[in-house]
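In: here is a sequence with its predicted model. Questions after.
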Amino acid sequence: MLENAVSTTFTLDFSSATHSAGTAYISVGSASTAAHPADYNSTLFVGSLIEVPFAANAPTATFTTTIVNDALLEPAEYALFKLDSVSTGSGIAVGSVFEATLVISDVATVPALFSPGDLVIVGVNANNFACNGGLDYDEISFFCFKDITPNTKLILTDNGYERCSATKWANSEGTVEITRTGPSIPAGQVITLTITSSSGSGNIVAVAPDGAWTCASLNFPSGLNTTMQYNSNGDRGLHHAGWHLDQRDERNTQCHI
């Protein structure tokens with residue numbers, strides 16, 4: 001989450017509908033880079049532990065952390081929470097999922113600067129419609145060798161496929177710019193985007209690890225014929241940053257890329 005967010009709430013789920021009241025004890029991992037109380041806080045801290053009370057037969061229990069906006073320029077910070085134990089006699093045991101991570105991204109962080117080779121495309125589905133029950137969209141998955149910080153921009157296009165073919169229109173394929181609006185995505189985290197048949201802001205929709213991206217068309221003029229969408233019979237996709245694409249409305253006699 002971004003540093004200027006007020007708070008975030010974590011939820012503990014109980015698999016049994018019948019149990020006694022008690023307390024869950026949550027520790028903060030030693031590898032955490034976010035410090036308490038300088039970077040975040042919770043009213044449930046007792047010493048170094050977060051003590052979360054729960055009622056008898058309650059389906060869930062929660063604890064809330066408040067975020068401290070310290071106005072310092074710093075990298076993304078992490079708090080690693082681990083459910084260590086529950087109070088004895090409650091009839092509850094710790095399950096197989098017992099850890100959660102709070103990621104705090106600085107709102108003043110400089111957008112990521114990329115070099116060739118920083119982005120790796122690891123999966124493309126250009127014909128989802130052929131799948132049983134599939135919709136008319138494409139999917140692409142990639143990761144980065146650098147953290148993708150808030151306000152980082154990426155330009156995606158399949159324009160190169162037609163621009164490198166004689167007599168094809170120069171701006172008849174889509175070019176979009178996506179902007180990271182959520183917290184930093186750590187290096188190595190796979191990012192999955194859905195490419196729809198819509199033009200403009202709905203052309204690219206992020207689905208993993210979250211949906212915190214915006215999309216804007218860079219085509220001029222924009223319209224239904226400027227949607228980025230992969231051709232399952234052959235296409236070429238480009239991911240880049242800080243690069244200008246000539247969008248002149250003319251037929252090509254040579255490749256402009």
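Out: Arrived safely, thanks for sending. Source: prediction; values computed, not measured. Numbers count the residues shown, from 1 in each chain.
In: right, and S27 touches F45 too?
Out: No: in this structure, S27 is not within contact of F45 by Cβ atoms under 8 Å, at 11.0 Å. Just so you know, the C-beta spots here come from the backbone N, C-alpha and C atoms, and that holds for glycine as well.
In: quick one: end-to-end distance for stretch 67-81.
Out: 15 Å (Cα to Cα, to the nearest Å).
In: could you do stretch 91-109 as well?
Out: End to end - Cα to Cα - stretch 91-109 spans 46 Å.
In: and what of stretch 195-209?
Out: One end of stretch 195-209 sits 16 Å from the other (Cα to Cα).
In: so for that stretch, what gets flagged as buried?
Out: Neighbour counts over stretch 195-209 (16 or more other Cβ atoms under 10 Å) mark I195, T196, S199, G200, N203, I204, V205, A206 as buried.
In: for the second one, what are its contacts?
Out: Residues touching T196, when contacts are defined by Cβ atoms under 8 Å, 6 or more residues apart in numbering, comprise D136, Y137, G202, N203, I204, V205, T227, Q229.
In: residues in contact with S7?
Out: T64, T65, T66, I67.
In: which ones among those residues map onto helices?
Out: If you go by DSSP state H, these have nothing in helices.
In: show the buried residues in the residues you listed.
Out: Applying 16+ other Cβ under 10 Å to those flags T65, I67 as buried.
In: now the contacts of S7 in a markdown table, with distance to N4?
Out: Below are the contacts of S7 laid out as a markdown table (distance: Cβ to Cβ, whole Å):
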| residue | distance to N4 |
| --- | --- |
| T64 | 17 |
| T65 | 14 |
| T66 | 12 |
| I67 | 8 |
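In: so which of the contacts of S7 belong to strands?
Out: Under the assignment DSSP state E, the contacts of S7 contribute T64, T65, T66, I67 to strands.
In: next, count neighbours for S141.
Out: Counted with other Cβ atoms under 10 Å, the neighbours of S141 add up to 16.
In: next one: it from I50, what distance?
Out: 35 Å (Cβ to Cβ, to the nearest Å).
In: and the strands in the stretch 51-200 of the chain?
Out: For the stretch 51-200 of the chain, the strands defined by DSSP state E, counting those that start in this stretch occupy 60-67, 77-86, 99-104, 119-125, 138-144, 153-157, 175-180, 191-195.
In: of all these, which lies closest to A112?
Out: Nearest to A112, of all the strands of the stretch 51-200 of the chain, is strand 138-144, at 7.5 Å by Cβ to Cβ.
In: adjacent strands (with direction) for the closest one?
Out: strand 119-125 (antiparallel), strand 191-195 (antiparallel) (DSSP bridges).
In: this completes my enquiry, with thanks.
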